[in-house]
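[1] Build me a model:
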Amino acid sequence: MQSENGNRIVMLDIDTNGRIEERIPGTGQECWLDHTLLGTMYPNIHVALVSVPTEPLDDVEEARVADRMTAISHNGIAYRMVGASGSAKNGKYYYCDAQHEPLIAKRFQQWPEAAITYFGILVSDCKVVHAEAEATVMVVKDLELGTNDCRGWIRKRTFEKLALPEGHFYQFRLAFADTQAKGSFKVMSDEVADALQVDVIVPESSIKPSIKMPNAVASMIGLGSRVYTSPIVLGIREVSRPLEFESSYTVLQHAPAESIETEIVPQAVEIIETLKTAWREVSAA
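    The predicted model follows:
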C-alpha cells in the first residue's frame, strides 16, 4: 500500500484529435515511483505515462497525435518525452517534467533510441531499493573477475543493508554516476571487496546503454576496467525462490547461460545421481 505522499505516475491518453485526458486507474492499478531507481534518485520528479492510439490513423490524425506528443502540459506541469522501454510497442511512452528531462537525457547519452530501449531500468518496480551516498563501482570486461553475461558481484556489507535472505540469485537494477545497469549478482566477501577497493563489480554487458568512451570521473586500472565513485541507487527486481525441488522460475528466466552450465547443471546432475543411487539401493533391498 502506498502512502499519501507517494509519487504516483500520472496516466494520460491522447486521442486521434490530439486531445489529452487523464485516465484514473482503478484501485491496485496505480503505478508509483516509490520502489524505483528514478523515484529514489529524483524524489521531486513528475512522471506521466502517455498512451497514444495504436489503431491505423489517417494523415491528419497522425499529424495531430505527433504534434501533441512533442509537448504535453497537464495540471500546470510541462512534460517532455524521456523514454518508453518495452511499452513503446503498445503505444505507451514515459514523460517527465521539463526540469528533470536534461538529467534523464544525459543518463542515456543524449541518445533517444537508447532511452526508448532502456528507460524501463529506471522505472522497474523493485522489491527493495537502497541508496548509498558514496560507493565504488568497478566496470570490467565480461568474464573478468568472475563475471559473465550481465552477472556481477556485490560486497557482503552492502548486501546486508538490503535485508534479503542469503544464498539466493538476485536480479538487480543499478544507477551510478551518469549511467545505469541491470543484471544479476552474487555476494563477495568484504575481504575480497577491500582488496579490490570496490563495493560493486559489474561487467560491461550490464551497462545500458554501453559506455562509448571512458568517463571523466573514471580512472583506468587493469585492462580496460573503470572505477566510479559516486552516489548509487540499487534496486532488487527479483529474488530466486527456494522450492520443494530446489529450483525457481526466476533462476531459469534470468540466469546467464554460463551460470546455468557451470553452476546449476552440475548441481542438478549431482542430485539426480543421488536419487539414482538411492533408487538402486531400495530396489536391491
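[2] which intervals of the stretch 151-285 of the chain have sub-threshold pLDDT?
    In the predicted model, the stretch 151-285 of the chain carries pLDDT under 70 at residues 213-224, 242-264, 267-268, 281-285.
[3] Apply 80 and report the result again.
    212-224, 241-285 (pLDDT under 80).
[4] Please enumerate the strands of it.
    Remark: strands assigned in the stretch 151-285 of the chain by DSSP state E, counting those that start in this stretch are 151-155, 170-176, 179-188, 200-203, 219-221, 225-239.
[5] I'd like the ones you listed as TSV, with distance to Lys89 and mean neighbour count appended.
    For glycine as for every other residue, the C-beta is placed from the backbone atoms N, C-alpha and C. Below are those laid out as TSV (distance: least, CB to CB, whole Å; neighbours: other CB atoms under 10 Å):
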stretch	distance to Lys89	mean neighbour count
strand 151-155	28	24
strand 170-176	21	24
strand 179-188	19	22
strand 200-203	28	26
strand 219-221	40	11
strand 225-239	21	20
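[6] any chance of those in TSV, with distance to Cys126 too?
    What follows is the strands of the stretch 151-285 of the chain, written out as TSV (distance: least, CB to CB, whole Å):
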stretch	distance to Cys126
strand 151-155	15
strand 170-176	6
strand 179-188	11
strand 200-203	16
strand 219-221	30
strand 225-239	3
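[7] Torsion angles phi and psi at the closest residue in space to Pro25 that isn't next to it in sequence?
    Counting by CB to CB, 6 or more residues apart in numbering, Met11 is the residue found nearest to Pro25 once chain neighbours are left out, at 5.9 Å. With angles defined as degrees, to the nearest 10, Met11 sits at phi -100, psi 120.
[8] closest one to Val140 among the strands of the stretch 151-285 of the chain?
    Checking the strands of the stretch 151-285 of the chain against Val140 by CB to CB gives strand 225-239 as the closest, at 4.8 Å.
[9] Quickly note the distance from Gly183 to Met41.
    19 Å (CB to CB, to the nearest Å).
[10] Phe176 now?
    Distance, Phe176 to Met41, by CB to CB: 10 Å.
[11] any shared contact partners between the two?
    When contacts are counted by CB atoms under 8 Å, 6 or more residues apart in numbering, Phe176 and Met41 have Val233 as shared neighbours.
[12] Now do the contacts for Ile116.
    Gly83, Ala84, Ser85, Ala88.
[13] Quick one: the strands in the stretch 1-150 of the chain, in order.
    According to DSSP E, counting those that start in this stretch, the strands that the stretch 1-150 of the chain contains are 10-14, 20-22, 47-51, 72-74, 77-83, 92-97, 128-140.
[14] Now distance to Pro231 and mean pLDDT too, for those strands, in TSV please.
    Below are these laid out as TSV (distance: least, CB to CB, whole Å; pLDDT from 0 to 100):
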stretch	distance to Pro231	mean pLDDT
strand 10-14	27	96
strand 20-22	33	96
strand 47-51	20	96
strand 72-74	30	95
strand 77-83	20	96
strand 92-97	19	96
strand 128-140	6	98
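[15] Just put those in JSON lines and tack on mean neighbour count and distance to Phe108.
    Below are the strands of the stretch 1-150 of the chain laid out as JSON lines (neighbours: other CB atoms under 10 Å; distance: least, CB to CB, whole Å):
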{"stretch": "strand 10-14", "mean neighbour count": "18", "distance to Phe108": "22"}
{"stretch": "strand 20-22", "mean neighbour count": "12", "distance to Phe108": "25"}
{"stretch": "strand 47-51", "mean neighbour count": "21", "distance to Phe108": "15"}
{"stretch": "strand 72-74", "mean neighbour count": "15", "distance to Phe108": "19"}
{"stretch": "strand 77-83", "mean neighbour count": "20", "distance to Phe108": "7"}
{"stretch": "strand 92-97", "mean neighbour count": "22", "distance to Phe108": "12"}
{"stretch": "strand 128-140", "mean neighbour count": "18", "distance to Phe108": "17"}
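[16] which residue packs closest to Ala163, ignoring adjacent ones?
    Val128 (7.2 Å).
[17] That neighbour contacts Gly235, correct?
    Yes. Assessed by CB atoms under 8 Å, Val128 is found in contact with Gly235 at 6.8 Å.
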